[in-house]
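1. need the 3D shape of this:
(one chain, ligands or ions: 2)
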Amino acid sequence: MIRVKDDSCDFCGVCVSVCPTDAIELRESVLIIDEEKCTECQNCVYVCPIETLEYVS
Ligand code: SF4
Ligand code: SF4
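-> Ligands and ions are numbered 1, 2, ... in the order given. Purely as a prediction, here's the structure:
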């Protein structure tokens, strides 16, 4: 699964734009990852400029 490590996310939206299954949603000031939709490709982990996301097996 993909975990939000801390509250450093600045809601830039880059992770949303690279998710192939639209599993990430930015809602107000909350980042929501839909585990049902997530394929664990880790695109979001690689592109986050401030390393807010991490893959947890
Ligand atoms: S790319 Fe990183 S900083 Fe930007 S919205 Fe996603 S988790 Fe937040
Ligand atoms: S790991 Fe891939 S499928 Fe899952 S939220 Fe990140 S970009 Fe989307």
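
2. chain neighbours aside, what residue packs nearest to residue 34?
-> Closest residue to residue 34 apart from its sequence neighbours, by C-beta to C-beta, 6 or more residues apart in numbering: residue 23 at 4.7 Å. Any C-beta I mention is one placed from the backbone N, CA and C, and that applies to glycine too.

3. residues contacting the one you found?
-> Residue 23 is in contact with 33-35, 37-39, counting by C-beta atoms under 8 Å, 6 or more residues apart in numbering.

4. over to residue 5?
-> Contacts for residue 5 were tallied using C-beta under 8 Å, 6+ apart; they are 51-54.

5. which among these end up buried?
-> Buried residues within the contacts of residue 5, counting neighbours by 16 or more other C-beta atoms under 10 Å: 52-53.

6. also near ligand 2: which of the contacts of residue 23, exactly?
-> Near ligand 2, judged by C-beta under 6 Å from any ligand atom, the entries from the contacts of residue 23 are 33, 38-39.

7. quick one: the helices in this protein?
-> Taking DSSP state H as the criterion, the chain carries its helices at 14-18, 43-47.

8. and residue 14, how many neighbours?
-> By the measure other C-beta atoms under 10 Å, the count of residues near residue 14 is 14.

9. wait, it touches residue 46, no?
-> No. With the criterion set as C-beta atoms under 8 Å, residue 14 and residue 46 do not qualify as a contacting pair; they are 10.2 Å apart.

10. close to ligand 1: what parts of this protein are there?
-> Contact residues of the chain with respect to ligand 1, defined by C-beta under 6 Å from any ligand atom, are listed as 9-15, 31, 48, 50, 52-53.

11. among these, who's most crowded?
-> Within these, neighbour counts (other C-beta under 10 Å) peak at residue 15, which reaches 24 neighbours.

12. ok, the nearest residue to that one once chain neighbours are set aside - contacts?
-> In this structure, residue 15 finds its nearest non-sequential neighbour in residue 44, 3.8 Å apart by C-beta to C-beta, 6+ apart. When the contact criterion is C-beta under 8 Å, 6+ apart, the partners of residue 44 are 2, 15, 18-19, 24, 53.
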